[in-house]
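1. here is the input, now give the coordinates:
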Amino acid sequence: MQSQDVAPPPAPSSADAVVDVEQAEAALVEHYPRLVRLAYLVLPPSLGRNRRVVTAHALTQRALPRGRACAPAIPAQSTGPGSDPGYAFVRLQVLRTALEAGLPLKRTAWPKRSQLPPLLPQVWGLRLFPRSGGADELALDQRLSALSGPARAAYVLRGLEKLPDGDVREALTAAGCEDPDLALQEADDTPEQYALLDSPEFDPCSLHARPTDLMRRRQHTKAALAAAAAVAVCGALIALPGDGWAPDGAAAPVYAQNPAAEAALDPAKLTRVAPTAWESSARTDFSVWPARGDLTGDKALLRRALAVWARPGESVQVSATPGTPSGGPSGPAQLLYAGTVDSARVVILYDGLRIARYAEPKNSTKGAALDFARVDGAGRAEANALVLDRADGNVRYLTAPWIKKAAERDLLKPGTGARDLPLTGGVTAPLASAAAQTNCTSWNVMQLTDSTGTRLTTDLGELVPAHLTTGRPGSTHEVSGAQALRTWAPYACSLASLRSAGVRSVNAWAYARQPLPDASSSADWVCTRAETWRGGGTRVLAQFHTPGGTYGAVAAKAENGPSCGAKDPHVLAGVLWKSETGSWYLLAAGSRDTSSISTTGGVRASARGGLLAVRAEQGAQAELKGTLEDGRVISGLR
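-> This is a model prediction of the structure:
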């Protein structure tokens, strides 16, 4: 519950910010010694000091994203880099890989990259280790070595990063720790000698060097020369002329071949659906989309796209929505599009689970990009359109074959009409992308019409636009009428917090209308719920909108819960509101089947029905509880 004097536009926090590789690199370079120290302290001491040093540097240097990524919802320490999303992102990558490096190897699974000795950096003929500290540092190192990896990470985040326990718990969860509470309890048993973590004993950037075993090194050199000669002979044999792969552009080299892999990457085996197949099919998803575009017969382009999908080279920018696997196809995929879009050649493929979009510059194979989006279970409403290209803040879509008409409208201005969006071969004219906006002066959405009606979709920075609906969970409907558009208008800017989160659909439900205590007018309570393609990661916002305000104010939010959804269509939220006379009130509202509301903490009150309004002090904190008509008790969203 938050105090609201005015209803400002909700802006995405730094934790939800999109981080590009340049921003992450700047944070990594600026705070490199701190990040390497963090990795060194979290890595298991059983690796030995030399390997811990080299591995800490390797993990830190590999923390950069391949392209744009979402910064984790974990703040940076208050005394360090502040709330820099770039630092939060690379710190999470370092923490995650350092914890993975301490996991035991399993016979039934391939080792993770962080569990293997690093390829780079390498120092030949020398052993590196930090400068020795005193007896206190040695004792602390021994105590840390007795802890589990997550507990060691909890201790280091507390001491080195100065994070409170709540943020430590979020950091460990984001890094893959299954029981962060247990890790915190285990770390509690270690004395709080946090100042020692800044000691040279734990600084892998200030090092001593000593030679390795000289006699053993001479023997290893001889063995390495013999192995290199054998590899050279094998390489010459592999390079002999014969049937092989065609040029694969930005794909990584081929080291082994097998018939199944070749079949999946053969352009001749791509599935191509007839242009009219959707008219007689019982299915209305991506599986009935025909192959479109002016380059569907370009076998060289299709081979490059398939090869990069299977083994993207180091220069390829790869992105995937959360929960989407990025591995190669398991069999021949379906071709949806191959053509020239603006200044790029684009290929879109579908394997039954994912959409894969390959793009390369029109006159080169350098600078290729590969994007993935999960689309399993898509129906007619979600299989309406795919992103073809983004350029200069605009986006082009490839629409489904059943789409008859496309238009654009500003969701913030429900009174203005929709503007036609020309379609050519299923491809739309450029549309100003809401995902590219830095401020929320407008929110453009695409309106698609087919034989069953009209639907709204919005660009959230991914391949598949999100489907917008309105209405009570379990009986939602399309945002096509004037009332539905007015319901969405004050809350359009809250969609900015859902960018790059793998969102499938967003529903806005006006669950209550509350008379204001000063009798001036009434305020609306709306719950917006975002469902994702992976099922988890749902986000719920309860928003409060007073008359005359342009935007709704976020009163409460929740993640990964059933509230305001089809399985639990109930919601309760509260807000501190200041009247025009300067008086403060606690306002709360529940869905229509709420029989009573009560508060505890800084404000104690109760009311029958689904509305509560009581005088309160500015900054008061209160806990909300509601009782449903069937007797079940629900808590207020936080």
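
2. looks to me like residue 138 is in a strand.
-> No: secondary structure of residue 138 (DSSP: H, G, I helix; E, B strand; the rest coil): helix, not part of a strand.

3. tally of neighbours for it?
-> Around residue 138 sit 12 other residues, with neighbours defined as other Cβ atoms under 10 Å. For glycine as for every other residue, the C-beta is placed from the backbone atoms N, C-alpha and C.

4. how near is it to residue 199?
-> From residue 138 across to residue 199, the span is 10 Å (Cβ to Cβ, to the nearest Å).

5. equivalent analysis for residue 280, please.
-> 74 Å.

6. out of the two, which sits in the busier spot?
-> Set residue 280 next to residue 199 and count neighbours by other Cβ under 10 Å: residue 199 wins out with 19 against 8.

7. if I look at the more buried one, how far off is residue 41?
-> When residue 199 is compared with residue 41 (using Cβ to Cβ), they lie 11 Å apart.

8. could you list the low-pLDDT ranges of the stretch 251-400 of the chain?
-> 251-263 (pLDDT under 70).

9. check the chain too.
-> Looking at the chain by pLDDT under 70, you get 1-18, 66-83, 106-110, 115, 120, 124-125, 127, 129, 132-133, 208-263.

10. give me the domain ranges for it.
-> Here the domain parsing of the chain from automatic domain parsing is 14-210, 263-379.

11. residue contacts, residue 402?
-> By Cβ atoms under 8 Å, 6 or more residues apart in numbering, the contact list for residue 402 reads 278, 284, 380, 450-451.

12. among these, which one sits closest to residue 155?
-> Closest approach between the contacts of residue 402 and residue 155, by Cβ to Cβ: residue 380, at 52.4 Å.

13. name all residues that make contact with that closest one.
-> 284-285, 400, 402, 450, 452.

14. do the same with residue 527
-> 508-509, 511, 540-543, 563-564, 571, 573.

15. quick one: which helix or strand includes it?
-> Assessed by DSSP states H and E, residue 527 sits inside strand 522-532.

16. of the contacts of residue 380, closest to residue 613?
-> Distances from residue 613 to these, taken by Cβ to Cβ, are shortest for residue 452, at 42.9 Å.

17. just give me the neighbour total for that closest one.
-> If we define neighbours as other Cβ under 10 Å, then residue 452 has 11 of them.

18. could you do residue 200 as well?
-> 13.

19. if we ignore the residues flanking it in sequence, what's nearest it?
-> Take residue 200 and drop its neighbours on the chain: the residue closest to it by Cβ to Cβ, 6 or more residues apart in numbering is residue 131, 4.4 Å away.

20. the one you found reaches residue 206, doesn't it?
-> Yes: between residue 131 and residue 206 there is a contact at 5.9 Å, judged by Cβ atoms under 8 Å.

21. quick check: neighbours shared by those two?
-> Contacts common to residue 131 and residue 206, judged by Cβ under 8 Å, 6+ apart, are residue 200.

22. which of those two has more neighbours?
-> Comparing residue 131 with residue 206 by other Cβ under 10 Å, the one with more neighbours is residue 131, at 12 against 9.

23. the more buried one and residue 549, how far apart?
-> 60 Å.

24. and for residue 408?
-> Counting by Cβ to Cβ - residue 408 and residue 549 are separated by 25 Å.

25. then residue 367?
-> 45 Å.

26. do the same with residue 424
-> With distances taken as Cβ to Cβ, residue 424 is found 41 Å from residue 549.

27. now residue 447
-> 26 Å.

28. of these two, who's got more company?
-> residue 447 (21 against 16).

29. which residues does the more buried one bridge with?
-> Judged by DSSP bridges, the bridge partners of residue 447 are residue 407, residue 456.

30. give me the number of residues near residue 568?
-> Neighbours of residue 568 using other Cβ under 10 Å come to 13.

31. sorry, slip of the keys, the one I care about is residue 179.
-> Neighbour number of residue 179 under other Cβ under 10 Å is 13.

32. nearest to residue 589, of the domains of the chain?
-> Across the domains of the chain, closest to residue 589 is domain 14-210 (Cβ to Cβ), at 25.9 Å.

33. surely residue 50 is in contact with residue 128?
-> Yes: the criterion here is Cβ under 8 Å, and residue 50 meets it with residue 128 at 5.6 Å.

34. I'd like to know the beta-bridge partner residues of the nearest residue to residue 471 once chain neighbours are set aside.
-> With Cβ to Cβ, 6+ apart as the criterion, residue 471 has its nearest non-adjacent residue at 4.9 Å, and that residue is residue 477. Using DSSP bridges, the beta-bridge partners of residue 477 come out as residue 470.

35. tell me how far residue 477 lies from residue 484.
-> From residue 477 over to residue 484 (counting by Cβ to Cβ), the distance is 7 Å.

36. overlap of the contact sets of these two?
-> Common neighbours of residue 477 and residue 484, using Cβ under 8 Å, 6+ apart, are 470-471.

37. and those two? Which one has more around it.
-> Just comparing residue 477 and residue 484: by other Cβ under 10 Å the higher neighbour count belongs to residue 484, 20 against 13.

38. helix/strand/coil for the more buried one?
-> helix.

39. now for the residue lying closest to it once chain neighbours are set aside, how many residues are close by?
-> Counting by Cβ to Cβ, 6+ apart, residue 470 is the residue found nearest to residue 484 once chain neighbours are left out, at 4.6 Å. Neighbours of residue 470 under the rule other Cβ under 10 Å: 24.
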